[in-house]
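Undergrad: Quick check, what structure comes out for this input:
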Amino acid sequence: MRDSDTPLPLELALTIRHDGNGGVTDDLEHAAALEAWVRAHPRTHPAPDTFTADETDLAAVHTLRTAVRTLFA
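TA: Below you'll find the model as predicted:
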């Protein structure tokens with residue numbers, strides 16, 4: 001479990017970043033990756049151990065992440 005004192009919006013914003021080689025690394029590229037992230041951050045969901053994600057969930061989280069990153073910018 002990776003849950004920490006880091007504010008959750010910042011944790012979400014940091015799931016996409018430059019890879020150091022001119023590209024981008026997206027920790028939430030697939031629904032399975034979102035499921036793993038939720039399990040590693042249990043305060044994101046009332047039942048993180050049983051959370052399952054689909055493409056709709058992934059798209060919603062990507063939209064939220066974009067909004068959070070825009071606020072930080």
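Undergrad: Could you measure from the spatially most central residue of the chain over to Leu34?
TA: Central residue of the chain (CA atoms, centre = their mean): Leu12, 4.4 Å from the mean position. Distance of Leu12 to Leu34, given as CB to CB, to the nearest Å: 11 Å. In this view, the C-beta of every residue, glycine as well, is placed from N, C-alpha and C.
Undergrad: which stretches of the chain have low pLDDT?
TA: For the chain, the stretches with pLDDT under 70 are 1-4.
Undergrad: repeat that for 90
TA: 1-6 (pLDDT under 90).
Undergrad: and Val68, how many residues sit next to it?
TA: Other residues within reach of Val68, judged by other CB atoms under 10 Å, total 18.
Undergrad: right, and it touches Glu11 too?
TA: No - if you go by CB atoms under 8 Å, Val68 and Glu11 don't touch, sitting 9.8 Å apart.
Undergrad: hang on, the earlier thing: ok, the residue nearest to the centre of the chain touching Leu64?
TA: Yes - with contact defined as CB under 8 Å, Leu12 reaches Leu64; the gap is 7.0 Å.
Undergrad: which helix is the longest one in this protein?
TA: helix 55-72 (DSSP state H).
Undergrad: how close does the residue nearest to the centre of the chain get to Ala60?
TA: Distance from Leu12 to Ala60, counting by CB to CB: 12 Å.
Undergrad: and what of Ile16?
TA: Counting by CB to CB - Ile16 and Ala60 are separated by 15 Å.
Undergrad: how about the helices in this protein?
TA: 8-13, 31-40, 55-72.
Undergrad: and among those, the most buried is which?
TA: helix 31-40 (a mean of 18; mean count of other CB atoms under 10 Å).
Undergrad: Not counting its own residues, what contacts that one?
TA: 1-3, 15, 27-28, 44-45, 48-49, 51-55, 57-58, 61 (CB atoms under 8 Å, 6 or more residues apart in numbering).
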